[in-house]
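1. predicted structure and sequence below. I'll ask about it afterward.
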Amino acid sequence: MKIVQRYLLTDLVGTFLVTTAVLLALMGMTFFSLKASQAATTSLSVIALCQVVMLGLANRVDILGSLAVLIAVVATYGRARQNGEIAAMRTAGVTVPVIFMPALLLGVVAGGGLAHIQD
């Protein structure tokens, strides 16, 4: 793996992890508020409410993971293009498949992990 690919891959993975954490937190807060309003009308304990929220998040992790991969790729390559890094790589003779290989690798690994989690 070339230095350029390692640089892009570390940026992609970092952005992916932060995006996943933020999306899970947002979805968790939304799901918790919806279920808390339903729990107010029924006799649902706090522990049962937390279990329902965790199960709801686990059910939606495939959607959030896919969205996190998309956001990570767009943010990383958009920032690299804006800073002129893509143009510098192309000028240095790095081919387009080499530049986009880290995004493909992240997509395959994340997709395989999400498929494994859902089955």
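-> Sure, I can see it. Residues are numbered from 1 along each chain as shown.
2. residue ranges in the chain under the pLDDT threshold?
-> For the chain, no stretch has pLDDT under 70.
3. pick out the residue closest to the middle of it.
-> Ala68 (2.3 Å; CA atoms, centre = their mean).
4. report the buried residues of the longest helix along the chain.
-> Longest among the helix segments of the chain by residue count, using DSSP state H, is helix 3-41. Within helix 3-41, the residues scored as buried using 16 or more other CB atoms under 10 Å are 4-5, 8-9, 11-13, 15-16, 19-20, 23-24, 27, 31-32, 35, 39. C-beta coordinates here come from the backbone N, C-alpha and C atoms, glycine included.
5. now the element after it, going C-ward?
-> helix 46-59 (DSSP states H and E).
6. could you list every helix and strand in contact with that following helix?
-> Other helices and strands packing on helix 46-59, by 3 or more CB pairs under 8 Å, 6 or more residues apart in numbering; DSSP states H and E, are helix 3-41.
7. which strands or helices does the helix it packs on pack on?
-> So helix 3-41, by 3+ CB pairs under 8 Å, 6+ apart, packs with helix 46-59, helix 61-82, helix 96-118.
8. in CSV, list these along with distance to Arg90.
-> Formatted as CSV, those follow (distance: least, CB to CB, whole Å):
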stretch, distance to Arg90
helix 46-59, 41
helix 61-82, 11
helix 96-118, 8
